[in-house]
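In: got a structure for you, letters missing:
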């Protein structure tokens, strides 16, 4: 995850530089910020995947006594 955060920081810096050179209203500036937004969205999706439970985990949360959910200590 830190790899994508580093890429976001890099793209942010590049977007600032592009906008400073070409102006805030330029299409190039808008495209640079779009790239930043896309990376941020991907980072959000990756974080969401990490916290999602599988259907079995959800089932076991609701039905801990079910045979499929038993945990045996050796």
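Out: Good, I have the coordinates. Every value quoted in this text rests on a predicted model; they were computed, and no experiment measured them. Residues are numbered from 1 along each chain as shown.

In: From here on, just use CA atoms for contacts and neighbour counts.
Out: Will do.

In: outside of the helix or strand harbouring residue 19, which residues touch it?
Out: Using DSSP states H and E, residue 19 falls within helix 2-22. With contact meaning C-alpha atoms under 8 Å, 6 or more residues apart in numbering, helix 2-22 is reached by 25, 26, 28, 29, 32, 33, 35, 36, 39, 40, 43.

In: which helix of the protein spans the most residues?
Out: Among all segments of the chain classified by DSSP state H, the helix with the greatest residue count is helix 27-51.

In: I'd like the distance from it to the chain centre, please.
Out: On the basis of C-alpha atoms, centre = their mean, to the nearest Å, helix 27-51 sits 8 Å off its chain's mean C-alpha point.

In: Give me the pLDDT for the residue nearest the centre of the chain.
Out: With distances taken as C-alpha atoms, centre = their mean, residue 43 lies nearest the centre of the chain, 2.0 Å away. Predicted confidence (pLDDT) for residue 43: 91.

In: any idea how far the nearest residue to it once chain neighbours are set aside is from residue 36?
Out: Ranked by C-alpha to C-alpha, 6 or more residues apart in numbering and with sequence neighbours excluded, the top spatial neighbour of residue 43 is residue 4, at 6.7 Å. In this view, residue 4 and residue 36 are 11 Å apart by C-alpha to C-alpha, to the nearest Å.

In: The two: who's more crowded?
Out: More crowded of residue 4 and residue 36, by other C-alpha atoms under 10 Å: residue 36, with 20 against 14.
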